[in-house]
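Enquirer: 3D, please:
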Amino acid sequence: MTSQSSTPDVPPGLRALYDAAGPVIRFRILRDVLGRDESFIETAHLGLDVRSLPEAEAIIAAQEIDGSWGGALYETRGESITTEIAVLRLCELGLEQCESLRQCVEKAFLPTLLREDILWEYEARAEKTAARRLVRDKALRLITRCTRDADDVLKPLLESVLVEWDHSLSEKHGAVLPPTADSWAAVCHFPWSDDDFSRVRVLARRLAKRAEVEMDHTVHAPDFFALHAFRLCDKWEYLARPPLLFHELELAARLGVAADLPHTRWLLEELEARQDADGFFRFDLEVPIEPSWYFPLEKTRPEEFHIEWSFRAAHIFTLLGYDM
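Expert: Reported below is the predicted structural model:
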């Protein structure tokens, strides 16, 4: 039996979304919203369908022998895809367990974390400290997004990140390098223990509060680093750019602080207000949406974006412990 002909048992509240979705979102509904991993036959079938998608096959085929894509971590070189984009896109497609990502972690990211002299495309930068911080934070973010098998390496480094956050928050604006958005994402994705969670949550709240105060301030750091500093946007910009809203909420929900941070609490209230009578979530698009590693997963026409929004909302509500 193929995944196209199977009819998995989906709760009534998700049936319309499941029926309207394609293989990627159906796979992630079963796995990430309903908690049915690939030991379930319907989930396994859909996982095979996703692996055979032209986009997934093209990304995997472009990987180089050293585990990277194009030899670049972030900066685009010609028409080649970067390692960051390739890894994040494969993860969003639901392929965290694929062999390509395992090879990337082992050959590219773990050596990056363990050797201070690895700077990727930032090797020629004069600001070595800033370059190393950025490269380390990106590697941490990408590993925590696609695996949980390197905790013995990740935990000490993430503890160092927390120390750096605390130092930054204790100094005057611009006195030290600011936290990066990549370090925020890494901390949000890491599965902190109950013993660790309370102090991580307190620090996350402090960081978000500082970012809200400094929203309109200039980032005092080299330009290549400032581009990746942890910043908050005006609330109305989140509404004008729904993928940004969903990404911000998903990270906070993963860390368990969505209701603790003023800006994500407001975004969550706005999201809940966007559900229409048919169960789908819709936004009035004020600006054109640029495709990115996070959006869209399947649909390319604005009139179909409500399918994507609705999956993202269901995923966030699951992370928050809502009954789906």
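Enquirer: tell me the domain boundaries of this structure?
Expert: Using automatic domain parsing, the domain parsing of the chain gives 98-232, 233-324.
Enquirer: for those domains, give me TSV that also has mean neighbour count and distance to residue 91.
Expert: (Glycine included, C-beta is placed from N, CA and C.) Shown next, in TSV, are the domains of the chain (neighbours: other Cβ atoms under 10 Å; distance: least, Cβ to Cβ, whole Å):
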stretch	mean neighbour count	distance to residue 91
domain 98-232	17	5
domain 233-324	17	9
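Enquirer: now these as CSV including mean pLDDT and distance to residue 59?
Expert: Shown next, in CSV, are the domains of the chain (pLDDT from 0 to 100; distance: least, Cβ to Cβ, whole Å):
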stretch, mean pLDDT, distance to residue 59
domain 98-232, 93, 8
domain 233-324, 93, 10
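Enquirer: okay if I get those domains as CSV plus distance to residue 69?
Expert: Listed next are the domains of the chain as CSV, based on distance: least, Cβ to Cβ, whole Å:
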stretch, distance to residue 69
domain 98-232, 8
domain 233-324, 12
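Enquirer: for residue 48, find the nearest of those domains.
Expert: domain 98-232 (11.5 Å; Cβ to Cβ).
Enquirer: which one of the domains of the chain lies nearest to residue 14?
Expert: Shortest distance between residue 14 and these, using Cβ to Cβ, is found for domain 233-324: 6.5 Å.
Enquirer: closest one to residue 23 among the domains of the chain?
Expert: Evaluated with Cβ to Cβ, the domains of the chain place domain 233-324 nearest to residue 23, the distance being 7.9 Å.
Enquirer: for the domains of the chain, which one sits closest to residue 24?
Expert: Taking the domains of the chain one by one with Cβ to Cβ, domain 233-324 is closest: 4.8 Å.
Enquirer: OK, contacts around residue 121?
Expert: 71-75, 77 (Cβ atoms under 8 Å, 6 or more residues apart in numbering).
Enquirer: and the residues you listed, which two are furthest apart?
Expert: 71 and 74 (11.7 Å).
Enquirer: still on that earlier bit, right, and the domains of the chain - which one's nearest residue 42?
Expert: Residue 42 lies closest to domain 233-324 among the domains of the chain, at 16.6 Å (Cβ to Cβ).
Enquirer: residue 74 against residue 82, yeah?
Expert: Yes - here residue 74 lies in contact with residue 82, judged by Cβ atoms under 8 Å, at a distance of 5.7 Å.
Enquirer: between these two, which one's more packed in?
Expert: Of the pair residue 74 and residue 82, residue 82 is the one with more neighbours under other Cβ atoms under 10 Å, namely 21 against 18.
Enquirer: now that one: closest residue in space, sequence neighbours ignored.
Expert: Of all residues not flanking residue 82 in the chain, residue 72 sits nearest, at 4.9 Å (Cβ to Cβ, 6 or more residues apart in numbering).
Enquirer: what helix or strand is residue 169 located in?
Expert: Secondary structure assignment for residue 169, by DSSP states H and E: helix 151-170.
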